[in-house]
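>>> With the sequence up front, the predicted model follows.
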Amino acid sequence: MTDAPDSLIPYDEIVQEALRAVVGRVLGQVVAEGSVLPGNHHFYITFKTGAADVSIPAHLRERFPDEMTIVLQNKFWDLVVEDDHFSVGLTFNQVPAKLVIPYAAITAFVDPAVDFGLQFQATVADLAPEPHDEAENDSPASSEPVVRTEDGSNVVSVDFGRKK
């Protein structure tokens, strides 16, 4: 088998951008429905806290210097969805906070209610994340695992590697 030539078209970046747009479209549907999640749907959204244009309170950035996961389920407000980012109000230890998260900063999106998940390829700078605690905003904890890949669920992971 011969090695595939390097592409001059950045397919991996295009696919990552398209998959991140899925997150925006889903959140846009939630806003259109009055910011109420239908049925048992709830979302785990993991993002790089140090990515460009991420805006979170300083105490959260100190606690999660690399990456954090938020839960959109019962206690969120002011969800605003834009073309390149979303913003949302959440509470952390009963302290309200506004977060602004560009889609480019998202590394995972999971809806455990329907075993759906997207995982995004990390950039070279993101390959060695610092250890951190999981975010515990004031949503009820789910007993469901966040990402289940061995049971044939709908988790989509895209990783374009080049053969050399």
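Done, it's in.
>>> Correct me if wrong: residue 81 contacts residue 28.
Yes - at 4.6 Å, residue 81 counts as touching residue 28 under the criterion of CB atoms under 8 Å. C-beta coordinates here come from the backbone N, C-alpha and C atoms, glycine included.
>>> Can you check which helix is longest in this structure?
Ranked by residue count under DSSP state H, the longest helix found in the chain is helix 11-32.
>>> now that helix, how far from the chain's geometric center?
10 Å (CA atoms, centre = their mean, to the nearest Å).
>>> Any buried residues in it, and which?
16, 19-20, 23-24, 26-28, 30 (16 or more other CB atoms under 10 Å).
>>> Ok, stretch 102-121 next?
Using 16+ other CB under 10 Å as the test for burial, stretch 102-121 gives 102-113, 115-121.
>>> what about the strands in this structure?
According to DSSP state E, the chain carries its strands in the segments 43-48, 67-72, 77-81, 85-92, 95-102, 106-111, 116-119, 154-157.
>>> Among those, which one carries the weakest average confidence?
Note on the strands of the chain: strand 154-157 shows the lowest mean pLDDT, a mean of 52.
>>> follow-up on the earlier one: from the buried residues of helix 11-32, which single one is nearest residue 87?
Using CB to CB, residue 27 comes nearest to residue 87 of the buried residues of helix 11-32, at 10.2 Å.
>>> Need the per-residue pLDDT for that closest one.
Residue 27 is given a pLDDT of 95.
>>> which ones are touching it?
Residue 27 makes contact with 79, 81, 86, according to CB atoms under 8 Å, 6 or more residues apart in numbering.
>>> Which of those residues ranks first by neighbour count?
Greatest neighbour count in those, by other CB atoms under 10 Å, goes to residue 86: 22 neighbours.
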